[in-house]
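*Asks:* from the sequence below, what's the structure:
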Amino acid sequence: MDVAVAYASAAGVDILKNTLNSIASWRSWRKRFLVSIDFGTTEPSALDRLRRLPNSEVRIPRGREVLGRAALAPRVPFHSKVWIFYKSRAKTPISVVAGSGNLTVSGLATGSEVAAAHTWTTSPRNTPRSDGGKELMDWFEQVWNGADPLDAILPSYRIRAGKSVMRGLPPEDSSPSAHAYAQASALEGAVPPDLTARLASAEALYVYVDRAIRNRGQGKPGSQIDTPLGVSAFFGLSTRRKPGVIGTISIRAAGFTRVSRTIRVGSNGMDKINLPIPGRDGPDTYDNTVLIFDRADEIDADGNDVFNLEVTNETGLRRRQALATAVVPLQMAGGRRFGLFFGASGGP
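*Replies:* As a prediction, the model looks like this:
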């Protein structure tokens, strides 16, 4: 894997490591990182973490030149953001991702970034030069060969970065969604880290319910639903993996008084949301409905976040979709649909 980015943060490197650790061969990959120190924005600790990755080497484009400049301001900034993936001993890439994001939480998850990916489905050795893959590889090699080894730059950069007036521009994302992303790990059966970030920052969550779990005894309507492991991030709770209660929230069903309900990880490895009791704190049934959870921007007397619950149908869902600036439709492994609203309004 060859990577060229303008900026890197320690939290961004942690995301990279936590995500790719799920690939069995990750430790044996050859990893080369070109990371600039322009303007003192890259965190020295990020560079140190990158070089400590297994089979990894880090170089700094025009590193000595930048160290000799006031405020670490380069004559020509290094602003590349490209990821090149190879098969062992391949002469050309098998996949390239190029875009606007750096090796930071903002760049990888929560910022307004755009990227494009190209993957070769035929043998890399048969890839024609004209499609750009070989040219990109040649560009990386040229920059790599001219870049300064990290060991020659890092000691002085630690000192200069701390004094640079421009250090931290642009700042790393410290929002709750960025924190949730940075803490997430790629686990089978759980929502992926990028979805964790979206859950934590979405305005509303919707879930289709065919039949609520019959947790209240025979003949009584259920008050519990299963959602993928990690959906708890939407409710501001941890994305724990071990069975047990994750935390408590307040839910106010339309037309009813708010009540405290728990979310827990079940023995089936899913997040179980306990809903207001049917017929007492909520509607008579949750079967064959669409549930829409909205952030109420309130905190109850016990310090729990409050969420409004709209129990609706397909028509009501379409109405809410029309009011949102963005909709992310998703599907559980078993086929049940759920999704997220951004910029949503019009909830109960």
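
*Asks:* every contact and neighbour count from this point should use C-alpha atoms.
*Replies:* Will do.

*Asks:* wouldn't L291 be in contact with Y206 here?
*Replies:* Yes - L291 lies in contact with Y206 (CA atoms under 8 Å); the separation is 5.4 Å.

*Asks:* show me where the stretch 201-348 of the chain has its helices.
*Replies:* Listed in chain order, the helices of the stretch 201-348 of the chain (DSSP state H, counting those that start in this stretch) span 314-323.

*Asks:* secondary structure element holding W83?
*Replies:* Secondary structure from DSSP states H and E places W83 in strand 82-85.

*Asks:* ok, that strand: who's next to it in the sheet?
*Replies:* Here strand 82-85 has these sheet partners by DSSP bridges: strand 2-5 (antiparallel), strand 95-99 (antiparallel).

*Asks:* what about P243, how many neighbours?
*Replies:* Residues lying near P243 (other CA atoms under 10 Å) number 14.

*Asks:* swap that for A322, please
*Replies:* 12.

*Asks:* give me the residues contacting stretch 46-55.
*Replies:* Contact with stretch 46-55 is made by 8-13, 27-31, 33, 35, 56-58, 150, 154, as judged by CA atoms under 8 Å, 6 or more residues apart in numbering.

*Asks:* drop anything exposed from those.
*Replies:* Those of the contacts of stretch 46-55 that meet the buried threshold are 8-13, 31, 33, 35, 56-58, 150, 154, by 16 or more other CA atoms under 10 Å.

*Asks:* mean pLDDT for the strands paired with strand 82-85: which is lowest?
*Replies:* Lowest mean pLDDT within the strands paired with strand 82-85: strand 95-99, a mean of 90.

*Asks:* tell me the contacts of the closest residue to V290 other than its chain neighbours?
*Replies:* Leaving aside its sequence neighbours, V290 sits nearest to Y208 (CA to CA, 6 or more residues apart in numbering; 4.5 Å). Counting by CA under 8 Å, 6+ apart, Y208 touches 288-291, 336-338.

*Asks:* redo that, cut-off 7 Å
*Replies:* Y208 sits next to 289-291, 336-338 when contact means CA atoms under 7 Å, 6 or more residues apart in numbering.

*Asks:* likewise R30?
*Replies:* R30 neighbours (CA under 7 Å, 6+ apart): 1, 55-56.

*Asks:* so which of the residues you listed belong to strands?
*Replies:* Using DSSP state E, the members of those that fall in strands are S56.

*Asks:* what's the closest of the contacts of R30 to D138?
*Replies:* M1 (14.3 Å; CA to CA).

*Asks:* ok, the closest one touching F33?
*Replies:* No - with contact defined as CA atoms under 7 Å, M1 and F33 do not form a contacting pair (8.5 Å).

*Asks:* so where is the stretch 151-300 of the chain shaky, pLDDT-wise?
*Replies:* 162-194 (pLDDT under 70).

*Asks:* now the strands: where do they sit in it?
*Replies:* Under the criterion DSSP state E, counting those that start in this stretch, the stretch 151-300 of the chain contains strands at 204-209, 224-227, 244-253, 259-265, 271-274, 289-299.

*Asks:* for the ones you listed, which one sits closest to V328?
*Replies:* strand 204-209 (9.6 Å).

*Asks:* got the angle for the closest one vs strand 289-299?
*Replies:* 150 degrees (axes from the mean of the first three to the mean of the last three CA atoms, to 10 degrees).

*Asks:* can you tell me the strand partners of strand 204-209 and which way each runs?
*Replies:* Strand pairing (DSSP bridges) places strand 204-209 next to strand 289-299 (antiparallel), strand 337-342 (antiparallel).

*Asks:* name the residues of the first one that are buried.
*Replies:* Within strand 289-299, the residues scored as buried using 16+ other CA under 10 Å are 289-296.

*Asks:* with respect to V231, which of these is nearest?
*Replies:* Looking across those and measuring by CA to CA, the closest to V231 is F293, at 11.9 Å.

*Asks:* for that closest one, what are its contacts?
*Replies:* 204-206, 307-310.

*Asks:* that older thread, now render the strands of the stretch 151-300 of the chain as CSV, adding distance to F39.
*Replies:* Below are these laid out as CSV (distance: least, CA to CA, whole Å):
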stretch, distance to F39
strand 204-209, 38
strand 224-227, 44
strand 244-253, 42
strand 259-265, 45
strand 271-274, 44
strand 289-299, 38
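
*Asks:* measure the residue of the chain most remote from its centre to I273 for me?
*Replies:* Relative to the centre of the chain, the most outlying C-alpha is that of G219, 41.6 Å out, by CA atoms, centre = their mean. In this structure, G219 and I273 are 20 Å apart, going by CA to CA, to the nearest Å.

*Asks:* which of the contacts of stretch 46-55 fall within strands?
*Replies:* Of those, the ones assigned to strands by DSSP E are 31, 33, 35, 56-58.

*Asks:* dump these to TSV, plus pLDDT.
*Replies:* Shown next, in TSV, are the ones in strands among the contacts of stretch 46-55 (pLDDT from 0 to 100):
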residue	pLDDT
K31	96
F33	98
V35	98
S56	96
E57	97
V58	98
